Structures are given as structure tokens and as C-alpha cells.
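In: After the sequence you'll find the predicted model.
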Amino acid sequence: MSDLCVERRCDSTKSALNCAVETKAIDCAREDKQPDKCLEVDTSFQAASDTRSTNLGCDPQDLDGNGDVCNYRPVDCATFWSTQPALTDLCVERVADSTVDGCCVERSKDCDTGNPCVIGGCDPTSGACTEAPACPASDSCVSRSCVADGAGFKCIEEPTACASPDPCLILDACDPTGAGCNFVPKDCNDNNDCTTDKCELVNGVATCSSTPIDCNDANECTVDSCVAGVCEYTQNSCDDSDLCTDDVCDAVNGCVNTAIEVAKICNDDSLCTTDTCEPAKGCVNTEVVCEDDDPCSNNICDPFTGCLYPTIVCEAQESCRIGFCNPELLNTTSGETTFPVLKPGANGVMPPHPLCDSRNLDCYTAENAIVVTAAALGAGAIVGIIVGIVACLACTGGGVFAAYKRAGLSGQDSIMNNPLYKGDGNSGVNPLFKA
């Protein structure tokens, strides 16, 4: 046959002796005829001998002289891509790949750097290849490097050495985004809010010290203290435990304890006390002891006049007797030297004084006659004598007149010369006499 574009073969279903020849146009698009995916059947050739089907691309006379009845031409990817949507990712490229059906394919742009420690990339907006280190960059706290390891790579990291610039500063942490090594002051807190704590170098060694907060208010009248970090000021009492001083405080000089004016402060306005001051008791008003060493006088004290010594008045408890103070009644053997001032009893009657005594009223003997020299007696004594005369008259009647007459003969001034006496014109007649 002269038509090379037709294949003839025996029908396998027939026997060899009765073999029927089957003719079939050559399929130039078969894979065994077209291994290159980027070649397509050239449709400009037509096998006219194949009347059973249209056979494109077969040259029965091998007109192109390539020794193959099938004819091919390159796939036109440009025309194909023109029918596809435009690319939005410029890192995707459209290429012809002879190993891929259809030939026209889309694939990522090859930006491989060929260095395992440099990672290639692509910028989708520009389509340009980029490069980045496989290991993170070094920072303030870590130094990093990359070493090729076979087909891959290995990152090596070395921490930055943080040396303290001051022994009182200690490493807290390393800030990779900032200054790197971060130092904080040494903790010198003594947990006392009333001290200021600090670290200082002592012989080159970081040493903590604590200084009390200064709460001095420059006022000597306050007690300065610190409580929970707050200064407190308590008033100074200045009490010296001496009741005989005035305790005051001066802001500059502090406590001043001045002795009180006893005569003014402790004065109870009584002449019957001695006013003093004792540190433990304060003002003491001690009763004055009034003593004139006369047993026959009462020792008393009047707050306004002081000590008084009135004579003890003794009254006879019987008629025709006269009372008098007898110091011989003192019991000197028991140590008595005086008696206290007597006070009225429950019945309001003054009890007799222990030294009061009495004797018979003698109105007859010249020795006991109540005759005195008027010049030697005062008016008060003369009155007392008159009282005695009255007592005698009560006891003896006119008998006392004889005594009077005898007194008149003695050559001394008689009671007639008493300045208190007022006569009735009858010279020599006793006005007290009753016949």
C-alpha cells in the first residue's frame, strides 16, 4: 500500500487461514506517537486514503521528510493563556511543561537561593525574589548564627554576657527588644517602714544599710516617733513627779520645772497652820502648836489672830468656896505638862478643868482680907476683888464690914478708893452692908 497513514492488521478473532485484513487510520495523538506534551498534532496534513474517519496530522507520503508519517507542532501556550483570567499573584508563573498534559501550566516562581542558611521567597505584589536568614537575627540578649548541616542548616545561639556596672546592681533580666541587660538595685529592704534602706560599697563589697527616718520637728516639747512610716508627735508632759514644782515646756529649751511659791500656792489663810510643800504630797498645812508653858492657861489658836492663851476660869462647885487653878494637880510623874483645851460635852455643859481646885472663902482674918493697894492693881483686877467681896457678903453678911474697917485702919488705900466705886454721900458707910 502506498498510504502509510493506514494500519492493516489481522483480525484476531479469525483463524490464520481465514484471516481478514482490518484497516485503521493511524492515531497520531496516541501517547506512544506523541510523548512530548508540548507538541500537538499538526492539522495541516490530511490522510486522504482513510475513508472511514478523519485523520489529522498524518502524512502518508512523509512529505516533510522527517521519516514519520505523523506531524506535530509546538503547543501555543500564549494563545491558551490569553483565554484564562489574569494572574493576581505575581509569584505564580505560566510556563510550558512537556511532562504535563496540556503543556501549559501554572507554578510558583523558583526563588531558591541554593544556600540552606538563606531562605528564598517571593513578593506577590512585584514578583521579585526575596531572601531571609534561616535563623532568627541576633538581638541584645542572644547572638545567633547559621551553619549548613548537610542538606539543611543549624542555628547556633550564644547568650550575651551581662556584667553589672555596679556591685549594688544585680541582673534582673535581659530585654531583647530594648537595652538588653537590665539591672535593678540590690534588695536592702529591712521590712521597716521607718527606715531608709540603701546599698553602698564598703571595702568594695555591696553592703546594705538602714537609716531611721528623721522625724525631728525641732520642738523640744514633743516626743518624736515614727509609726508605719508616718511621723507622729506626742506632747511632752514634763512631769518631774515633784508636786512642789510647776512643770512647763519651752519649745526651744524643753522642760522647765520651777519651784512653786509656797507662801502663795500653799497658803490656806490660817495663822494656825504652817504652810509647806512636800514633793510626794504637795502642799502640807501643819497645825501650829500653841504653848506658853503655863499650865493654868488654855492654849488655843484663832485662824485670824494666831495663838491665844486665855487663863483657865475655875468655878467652885459649892457655896462659900472659891475656885482657882492649881498647877500642883499636874501628874508630873506621868509626864504631863499641860492639858488640852476642853470642849463642851454632849449636854452643852463645859466639864471642869482637871487643874481647877477650890478652897473656903475666908472673909474674917486680916491675912486673907481682900485688901489691896489700889495703885498696884488695874481696873479689871479691882472688879475681880469686888466680885470676891460680894461672895464674902453672901457668906458672912455684915461681918465683912469689920474687915473693911480694919483695912481702913491699916494706913493703906481701901477699896473705897476703887475708881469704879460710886458712893451715896455717907462717907465711911459700906454701901454693900446690910444690918
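Out: Cool, the structure landed. Worth saying up front: this structure is predicted, and the values here are computed from it rather than measured.
In: isn't Thr245 right up against Asn257?
Out: Yes: using C-beta atoms under 8 Å, Thr245 makes contact with Asn257 at a distance of 4.3 Å. Just so you know, the C-beta spots here come from the backbone N, C-alpha and C atoms, and that holds for glycine as well.
In: Near Asp187, how many other residues are there?
Out: 9 (other C-beta atoms under 10 Å).
In: try the one 10 residues further on
Out: When neighbours are defined as other C-beta under 10 Å, Asp197 has 16 of them.
In: pretty sure it is touching Lys186, no?
Out: No: the pair Asp197 / Lys186 is not scored as a contact, 10.0 Å apart, by C-beta under 8 Å.
In: Give the residues shared as contacts by these two.
Out: Common neighbours of Asp197 and Lys186, counting by C-beta atoms under 8 Å, 6 or more residues apart in numbering, are Cys208.
In: any idea how far Asp166 is from Gly178?
Out: Between Asp166 and Gly178 the distance, using C-beta to C-beta, to the nearest Å, works out to 19 Å.
In: Just want the phi and psi numbers for Asp110.
Out: Dihedral angles of Asp110 (phi, psi; degrees, to the nearest 10) stand at phi -80, psi 110.
In: For it, give me the pLDDT.
Out: You'll see Asp110 listed with a pLDDT of 90.
In: Against Cys91, how distant is it?
Out: To Cys91, Asp110 is 10 Å away according to C-beta to C-beta.
In: more crowded one of the two?
Out: Cys91 (18 against 9).
In: isn't the more buried one right next to Thr125, touching?
Out: No: when contacts are counted by C-beta under 8 Å, Cys91 is not listed as touching Thr125 (9.1 Å).
In: I'd guessed Lys194 sits against Gly229; true?
Out: Heads up, residue 194 is Cys, not Lys. Yes: counting by C-beta under 8 Å, Cys194 sits close enough to Gly229 to count as a contact (6.0 Å).
In: which residues do those two both contact?
Out: With C-beta under 8 Å, 6+ apart, Cys194 and Gly229 have common neighbours Ile213.
In: who has more neighbours, these two?
Out: Neighbour count, other C-beta under 10 Å: between Cys194 and Gly229, Cys194 has more, with 16 against 10.
In: mind listing what that one touches?
Out: 212-213, 226-229 are the contacts of Cys194 under C-beta under 8 Å, 6+ apart.
In: ok, 7 Å please
Out: Residues near Cys194 by C-beta atoms under 7 Å, 6 or more residues apart in numbering: 212-213, 226, 229.
In: One more: Leu201?
Out: Counting by C-beta under 7 Å, 6+ apart, Leu201 touches Pro167.
In: can we see that at 10 Å?
Out: Contact analysis of Leu201 by C-beta atoms under 10 Å, 6 or more residues apart in numbering lists 166-168, 207.
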